[in-house]
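Novice: predicted model follows, preceded by the sequence.
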Amino acid sequence: MGMLMPSAFAGRLLSLLWQPLISVRRSLQLLLCWLWAALRLPVTERGQQQQIREEPEETSEDKEEEGIHLPTIPTSVNYHFTRQCNYKCGFCFHTAKTSFVLPLEEAKRGLLSLKDAGMEKINFSGGEPFIQDRGEYLGQLVKFCKEELHLPSVSIVSNGSLIRERWFKNYGEYLDILAISCDSFDEQVNVLIGRGQGKKNHVENLQKLRTWCRDYRVAFKINSVINRFNVEEDMKEQIKALNPVRWKVFQCLLIEGENSGEDAIRNAERFVISDEEFEGFLERHKEVSCLVPESNQKMKDSYLILDEYMRFLNCRNGRKDPSKSILDVGVEEAIKFSGFDEKMFLKRGGKYVWSKADLKLDW
Ligand code: SF4
């Protein structure tokens, strides 16, 4: 009996503690489950976010493959409002075939309809956009797009020869990016190409514009067309010294009716280079980190181009076939005839950080 007492006591004690022990075990299990879920969930979420970021953007064409017909969104538009220019580049692919320019209010009406259709970036080009009304016409459009349409990005492509500091004072705050065309740092080559302007030195002018862009807080970009006369040049040091946000390097392109064919004002045949020669130029400049190359293939259909009548220009057949004007038929109807290749636009990096507020520049 004396021997049974401790074991009976132990049994009694165990039965008393059994339920609390089970409930502690359950609580521990629950706690472990909760901890496991809490630690694992953010990883899973991060993984999903990563997937979202890495997922390529779905284009209208993708949707159409799925049987959904969506209108093309004119996210980024190039408006060549004038064909007039003070230079005579031998390969020019938007030549002075007309002297027409829309009245300012009509141009604004078209820009408003593009904004309503989804435009986020407008680029003004030509011809030479500063030629009209000494840059006042352009200044008014730039101000309208930034101040009234609130477009994230407003940019200009210019040869730079007609820009004055006063223009920066009046309109610089409304402009995100100024791209200046420069094909060579050798003035003699510029003259051969047709960019020479008498006593004015294109390269010296480029340096002055770079300084104004810094002073008036406009992002500075350089565009170069690689052709027979500059394909052997080494521009690394000069480009690095100018330090543009982007250096767009295009392969010289033939467009029937502009710089090729019987009814063209220019004949660019003698400027054309092979794909291998273009690759050679890119290879020589590969250490320039801001270089963005554009071969003929990438360039042809990946731009939404509006001409001086606000008609989309379709380049699919190697020439510029116009749609009806967006002022007459609206954006949605006209854009169907634009020939725009949205996939190529995204592939060539057409969508980039294009607002100066987001560029975080070291002015
Ligand atoms: S500066 Fe531009 S628009 Fe003027 S001729 Fe040269 S390529 Fe053509």
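Specialist: The structure has been received and is ready for your questions. Numbers count the residues shown, from 1 in each chain.

Novice: flag every residue of the stretch 51-200 of the chain that's near the ligand.
Specialist: Proximity of the stretch 51-200 of the chain to the ligand, by C-beta under 6 Å from any ligand atom, involves residues 85, 87-89, 92, 94, 126-128, 159, 181. C-beta here means a position set from N, CA and C on the backbone, and glycine is covered the same way.

Novice: how close does E232 get to the ligand?
Specialist: Using C-beta to the nearest ligand atom, to the nearest Å, E232 is found at 21 Å from the ligand.

Novice: looking at this protein, which strand is longest?
Specialist: strand 219-226 (DSSP state E).

Novice: can you list the strands that that strand pairs with?
Specialist: strand 177-181 (parallel), strand 246-251 (parallel) (DSSP bridges).

Novice: in the longest one, what counts as buried?
Specialist: Pointing back at strand 246-251 there. 246-251 (16 or more other C-beta atoms under 10 Å).

Novice: count of residues packed around K88?
Specialist: 15 (other C-beta atoms under 10 Å).

Novice: what's the answer for N243, then?
Specialist: So N243, with other C-beta under 10 Å, has 14 neighbours.

Novice: can you check E283 too?
Specialist: 8.

Novice: quick revisit: closest to the ligand out of the buried residues of strand 246-251?
Specialist: Taking C-beta to the nearest ligand atom as the measure, the ligand lies nearest F250 of the buried residues of strand 246-251, at 10.6 Å.

Novice: isn't the closest one right up against I222?
Specialist: No: in this structure F250 lies outside contact range of I222 using C-beta atoms under 8 Å: 11.3 Å.

Novice: tell me the bridge partners for the nearest residue to V225 once chain neighbours are set aside.
Specialist: Closest residue in space to V225, ignoring its immediate chain neighbours: F250 at 4.9 Å, by C-beta to C-beta, 6 or more residues apart in numbering. On the basis of DSSP bridges, F250 is bridged to V225, E294.

Novice: contact partners for F250?
Specialist: Taking C-beta atoms under 8 Å, 6 or more residues apart in numbering as the criterion, F250 is in contact with 223-226, 294, 299.

Novice: out of these, grab the one that's most surrounded.
Specialist: I226 (25 neighbours).

Novice: and the residue of the stretch 151-300 of the chain closest to the ligand?
Specialist: For the stretch 151-300 of the chain, C-beta to the nearest ligand atom, closest residue to the ligand: N159, 3.8 Å.

Novice: count the neighbours of that residue for me.
Specialist: 24.

Novice: my guess is it contacts G194. True?
Specialist: No: with contact defined as C-beta under 8 Å, N159 and G194 do not form a contacting pair (10.3 Å).

Novice: quick check: I273 vs P293, distance?
Specialist: 13 Å (C-beta to C-beta, to the nearest Å).

Novice: so what's the backbone phi/psi at V154?
Specialist: phi -130, psi 120 (degrees, to the nearest 10).

Novice: got it, and the one 3 residues further on?
Specialist: Here the main-chain torsion angles of V157 (degrees, to the nearest 10) amount to phi -110, psi 130.

Novice: how about low-confidence regions in this protein?
Specialist: 1-70, 196-199, 300, 360-363 (pLDDT under 70).

Novice: let me see the ranges of the strands in it.
Specialist: Going by DSSP E, the chain shows strands at 76-80, 121-125, 153-158, 177-181, 219-226, 246-251, 291-294, 304-306, 311-314, 321-325.

Novice: tell me the angle the first one makes with strand 121-125.
Specialist: If you take axes from the mean of the first three to the mean of the last three C-alpha atoms, to 10 degrees, strand 76-80 sits at 20 degrees to strand 121-125.

Novice: which residues sit against strand 76-80?
Specialist: Under C-beta under 8 Å, 6+ apart, the answer for strand 76-80 is 94, 107, 111, 114, 119-127, 153, 303-308, 310, 345, 350-351, 354.

Novice: of those, just the buried ones, PyMOL syntax please.
Specialist: With 16+ other C-beta under 10 Å as the criterion, this PyMOL line picks the buried residues out of these:
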select buried, resi 94+107+111+114+119+120+121+122+123+124+125+126+127+153+303+304+305+306+307+308+310+345+350+354
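
Novice: export stretch 288-299 to PDB, keeping only CA atoms.
Specialist: What follows is stretch 288-299 as a C-alpha-only set of coordinates in PDB (Å, rounded to 0.1, in the frame of the first residue of the first chain):
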ATOM      1  CA  VAL A 288      29.100  55.400 -73.300                       C
ATOM      2  CA  SER A 289      26.400  54.400 -70.900                       C
ATOM      3  CA  CYS A 290      23.700  56.900 -72.100                       C
ATOM      4  CA  LEU A 291      23.800  55.500 -75.700                       C
ATOM      5  CA  VAL A 292      20.500  54.300 -77.000                       C
ATOM      6  CA  PRO A 293      20.900  52.600 -80.500                       C
ATOM      7  CA  GLU A 294      18.200  52.600 -83.100                       C
ATOM      8  CA  SER A 295      18.700  50.500 -86.200                       C
ATOM      9  CA  ASN A 296      16.500  50.900 -89.300                       C
ATOM     10  CA  GLN A 297      14.400  47.900 -88.200                       C
ATOM     11  CA  LYS A 298      13.700  49.300 -84.800                       C
ATOM     12  CA  MET A 299      13.000  52.800 -86.000                       C
END
